[in-house]
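*Asks:* show me the folded form of this:
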Amino acid sequence: MSRTDSFATVQQHMFHHSSPREQSLLIKAAPITAYRAGSFFSTMPAPTIKCHPLDPLTASEIKSTASAVKKTLDDDNIRFVAISLKEPRKVDLLAHDNNQSTNESLERRAEVIVLNPSTGIASELTVCLNNEAGAVVESHTELRSGVQPMLTPDDCDLAEAIAKASPEVQAAVRERYGITDVETQLVCDPWSVHLASPEDELLTFNPTTSKPQRLVQTFLYQRMQGSFEDKEDNHYAHPIDITPVVDLNSQTCLRIDGMDRPPPKIPTASVNYHRNLLHTNSYLETVWRTDTVRKLDVVQPDGPSFEVTGNEVEWQGWTFRVGFNYREGLVLHNLKYRNRKVVHRASLVEMAVPYGDPHPPFQRKCAFDVGDYGLGYCANSLELGCDCLGHIYYFDTTLSNAAGEPVEKKKVVCMHEEDAGLLWKHVEYRNGHSESRRARELIISSIATVVNYEYLFYWRLKQDGTIDFEIKLSGELSTNLLSAEEEKTGKSTYGTIVARGVNAQIHQHMFCARLDMAVDGDINTVSEVDVVASGSHNNPYGNAFGPVETTLTTESGASRTYDATKARSWKISNAEGKTNPVNDKPVAYKLIPFSRGGSHPTLLTSPESAVSKKGAFANYHLFVTPHSDTERFPAGEYTPQGNGSNGLPDWMAANRSIESKDVVLWHSFGVTHMPRVEDFPVMPCETTGFMLKPDGFFAGNPAIDLPPDNNKASKLAHSPSEKSCCDTTK
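*Replies:* Below you'll find the model as predicted:
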């Protein structure tokens, strides 16, 4: 080994065994280059190391993967559904973190999903990217006939194009509504087809050829004004009552539902929020308010407090790695606090959105937004000073399109700090001495637009060791006309009239977070903690109440529902013998449901319904399973036209032990949305979320060491010589 090689080896060893802050110092000694960590781009000195096994695929890796797949399949008709990093097995990642990995375990691989429209058959492939001969396909598996992978952005565009190009659709909207220019006036929202009945299932295969049909139903609207090129008019104010169903494989319109009804009148009122069309509103505000708020700037003159090395972040005792993929979107890996493990991997893995209107065709209106469309594919490019306020660090990513080409998406993840009010405070009332510390939070966020809805995701790390996950829901309501039956009374049975003639149906947003816990180690035990009143025994004064803790030992016993009347929480305790030095109990974190917004029920659909079977993960608020690398998505790997098979119920059928195991928590929560008139034309944010809070993880308040601070930039809003509203002097 040469002296140069020896130095490089030592430098690499030092880098792997250093903290992110120390790594950043080591990097400063390396040549200055543009360092791309996976496909999250940051310009900084480049260490002479390989990229981390969890770094997302680069553009060049996506190109190499697509080339290898095309060469193997030798078919120009294939459409790429996804090209993404195949994450290493957890055991290999843990070994890598301990610097015990082998070259084989750290090989980078891509997982690929392709579809052949001519046969309707989808395939899974694994591509090794570290082969000396270049990218090589290691495995190729054809999926069962009828299995439908995710609807990509290209698929959604194709569905709208098919509907608009259909002579039947063109004739229907022309004859019924006088729409002659479908390209500018007609809007076709693409929705996956939820198979609610045997009649719906008949659509899944071509009756003549028996080939699978890739279904999309398109809810129609009309644009009536503004720049049609810029799509300014709020088309949800002008719903149309017919619904074309198209097949992406044959690129044909299979049927148009609703044609048996005489054409109702399309609402024409202008109900707009677009800045260029506010002045056209028929009854809402037409000019900007004059009592605008004054400027409020978030300024950090010394820069942010976090440090970023590649995709790894260090802030106030926290270290973690940022990941991103086409399906889950934002993923957080290996969260540690003061070098103690808390969570191995955290992400949002599914979402069921059933609509409660049984009038055809809305029995089919139910989206599984993560599996049907992909939060990564739907991610916004965030805007500085608008979506993100303050001193911002952005992460970019690279995904792929239907041709297998890399598509760079800028600023899909935003990271910044916020002041969050007081973290703790006490005044010694006897002498008036006050001790208080303000709270700073690190926020890692991403926003996805799934057709009409916006989902705003915020992971918040706090200085007291708390992890808070908040989801805000905004965007536009998916509207419709009243059914023929409802039209007679002018009242909505299963929704709210949000504008004259415009109905918004009641629905739920049921989210599922996958939390691969690692509380001070990978072996944990989960228990349910209720606070209940004591019985009459040993409770002579009737004032006794306290916690009752029940260990969850098997999967069947770990299907749990939140109970606010008992202040129910779920504790995740270390099962490796690590105890708290104060109370001698196992160190732990607890999951607190509905820490944001109100508490909401589980799925409200009938247990016999297709929604409840496919969305079984939302029938309870908590499930616990032992970790498995292959158990990733609770409604199954492929949700479009699916029934939920190969999902959470199938995994739990064996009723495996979960006590003192490497456990995964599946936490379901959400919003039951009864639309309000105030939610139209664009919805003020609804909020939901949960919290992971240390419970005996520390020997005391871990934020007791925050130094006193007084913000000198704060100013009085009134003259000190004037009396304030609470001045009691005469």
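
*Asks:* okay, now Q148: neighbour count?
*Replies:* Counted with other CB atoms under 10 Å, the neighbours of Q148 add up to 25. Any C-beta I mention is one placed from the backbone N, CA and C, and that applies to glycine too.

*Asks:* hang on, I meant H600
*Replies:* So H600, with other CB under 10 Å, has 19 neighbours.

*Asks:* if I look at it, how far off is F457?
*Replies:* Relative to F457, H600 is positioned 18 Å away (CB to CB, to the nearest Å).

*Asks:* spatially central, which residue of this structure would that be?
*Replies:* Taking CA atoms, centre = their mean, the centroid of the chain lies closest to L348, which sits 4.6 Å from it.

*Asks:* who's in contact with that residue?
*Replies:* When contacts are counted by CB atoms under 8 Å, 6 or more residues apart in numbering, L348 touches E328, G329, L330, V370, L375, F457, I471, F511, C512, A513, R514.

*Asks:* repeat the analysis, applying 7 Å as the threshold.
*Replies:* Contact criterion CB atoms under 7 Å, 6 or more residues apart in numbering gives E328, V370, L375, F457, F511, A513 as the residues in contact with L348.

*Asks:* assumed it was part of a strand.
*Replies:* Yes. Assignment of L348 by DSSP: H, G, I helix; E, B strand; the rest coil places it within a strand.

*Asks:* beta-bridge partners for it, please?
*Replies:* Note on L348: beta-bridge partners by DSSP bridges are A513.

*Asks:* start at 157 instead
*Replies:* Sounds good: first residue 157 from here, last item L504.

*Asks:* now it: how far from F667?
*Replies:* Distance from L504 to F667, by CB to CB: 6 Å.

*Asks:* and for A317?
*Replies:* A317 is 31 Å from F667, by CB to CB.

*Asks:* try N866
*Replies:* Noted for N866: a distance of 40 Å to F667, by CB to CB.

*Asks:* ok, those two, which is more surrounded?
*Replies:* F667 (27 against 6).

*Asks:* packing partners of the helix or strand harbouring that one?
*Replies:* Assigned by DSSP states H and E, F667 belongs to strand 663-673. Secondary-structure packing of strand 663-673 (3 or more CB pairs under 7 Å, 6 or more residues apart in numbering; DSSP states H and E): strand 496-510, strand 623-631, strand 819-829.

*Asks:* mean pLDDT and distance to F701 added to those strands, as CSV?
*Replies:* Conversion of the helices and strands packed on strand 663-673 to CSV gives the following (pLDDT from 0 to 100; distance: least, CB to CB, whole Å):
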stretch, mean pLDDT, distance to F701
strand 496-510, 98, 30
strand 623-631, 98, 27
strand 819-829, 98, 26
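
*Asks:* export the ones you listed to JSON lines and tack on distance to Y585?
*Replies:* JSON lines is the format used below for the helices and strands packed on strand 663-673 (distance: least, CB to CB, whole Å):
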{"stretch": "strand 496-510", "distance to Y585": "36"}
{"stretch": "strand 623-631", "distance to Y585": "31"}
{"stretch": "strand 819-829", "distance to Y585": "40"}
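
*Asks:* and the ones you listed: which comes nearest L434?
*Replies:* Counting by CB to CB, L434 lies closest to strand 623-631 out of these; the figure is 17.8 Å.

*Asks:* paired strands for that closest one, with orientation please.
*Replies:* Note on strand 623-631: by DSSP bridges, its sheet partners are strand 609-618 (antiparallel), strand 839-850 (antiparallel).

*Asks:* determine which stretch of those is the most buried.
*Replies:* Mean neighbour count (mean count of other CB atoms under 10 Å) peaks for strand 609-618 among the strands paired with strand 623-631, with a mean of 21.

*Asks:* that one to strand 496-510, inter-axis angle?
*Replies:* 160 degrees (axes from the mean of the first three to the mean of the last three CA atoms, to 10 degrees).

*Asks:* export strand 609-618 as CSV, just CAs?
*Replies:* In CSV, the C-alpha atoms belonging to strand 609-618 read as follows (Å, rounded to 0.1, in the frame of the first residue of the first chain):
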residue,chain,number,x,y,z
TYR,A,609,-55.5,18.2,-1.9
GLU,A,610,-52.3,19.5,-0.3
TYR,A,611,-50.7,17.6,2.5
LEU,A,612,-48.1,19.5,4.6
PHE,A,613,-45.8,17.2,6.6
TYR,A,614,-43.7,18.6,9.5
TRP,A,615,-41.3,16.5,11.6
ARG,A,616,-40.4,18.7,14.6
LEU,A,617,-37.4,17.8,16.9
LYS,A,618,-37.4,19.5,20.3
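
*Asks:* that one vs strand 663-673, what angle?
*Replies:* Going by the same axes, to 10 degrees, strand 609-618 makes 30 degrees with strand 663-673.

*Asks:* run through who's touching strand 609-618.
*Replies:* Contact with strand 609-618 is made by 471, 474, 486, 488, 504, 595, 597-604, 623-631, as judged by CB under 7 Å, 6+ apart.

*Asks:* measure the closest residue to D818 other than its chain neighbours to K226 for me?
*Replies:* Excluding the flanking residues, the one nearest D818 by CB to CB, 6 or more residues apart in numbering is H783, at 4.2 Å. H783 sits 35 Å away from K226, going by CB to CB.

*Asks:* nearest to P805, of the strands paired with strand 623-631?
*Replies:* strand 839-850 (22.5 Å).

*Asks:* and the closest residue in space to L671 that isn't next to it in sequence, how many neighbours?
*Replies:* Nearest residue to L671 in three dimensions, chain neighbours excluded: L821, at 4.3 Å (CB to CB, 6+ apart). The local packing of L821 (other CB under 10 Å) involves 23 other residues.

*Asks:* against Y511, how distant is L821?
*Replies:* 28 Å.

*Asks:* longest strand in the protein, by residue count?
*Replies:* The longest strand of the chain (DSSP state E) is strand 562-584.

*Asks:* buried residues, that strand. List them.
*Replies:* P562, V563, K565, K567, V568, V569, C570, M571, H572, E573, L579 (16 or more other CB atoms under 10 Å).
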